[in-house]
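> Pasting the sequence and the predicted model now:
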Amino acid sequence: WDKGFQKVEVECDNALLVELLLFDGGASSSLVELWLLHQALRRKWEIRILHIPRTLNGVADHMTKCADTGSSLIRLFRSPPASIMNLLG
């Protein structure tokens with residue numbers, strides 16, 4: 001949101017989380033992270049949340065590991081890391 005994005009597509013391999021987010025389950029959650037996600041979804045932007053099976057999520061999983069710096073900041077990739085090329089075939 002702070003970066004100016006107005007249209008976002010989220011793919012998640014956690015079916016329960018997707019269901020909670022789509023059906024307003026985070027609104028009254030005692031889990032801070034889930035509540036924060038719910039608050040972000042309420043902003044004026046177009047967001048699409050999809051469940052994707054873990055077996056099809058290898059590239060995203062690898063990029064998450066590449067971005068893990070121990071910081072809570074979001075890392076934005078302008079281009080895919082070279083290390084994912086073998087995952088793409």
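Perfect, I can see it now.
> Contact partners for the closest residue to residue 7 other than its chain neighbours?
Distances taken as CB to CB, 6 or more residues apart in numbering place residue 46 nearest to residue 7, at 4.5 Å, with adjacent residues excluded. Heads up, the C-betas are built off the backbone N, CA and C, glycines and all. Residue 46 makes contacts with 6-8, as judged by CB atoms under 8 Å, 6 or more residues apart in numbering.
> Check the residue most central in space within the chain and give its pLDDT.
Nearest to the geometric centre of the chain sits residue 10, at 5.0 Å (CA atoms, centre = their mean). On the pLDDT scale, residue 10 is placed at 85.
> any idea how far residue 13 is from residue 52?
6 Å (CB to CB, to the nearest Å).
> low-scoring stretches of the protein, by residue?
In the predicted model of the chain, residues 1-2, 25-29, 72, 89 satisfy pLDDT under 70.
> What ranges does it have for its helices?
Ranges of helices within the chain are 15-22, 32-41, 58-67, 85-88, based on DSSP state H.
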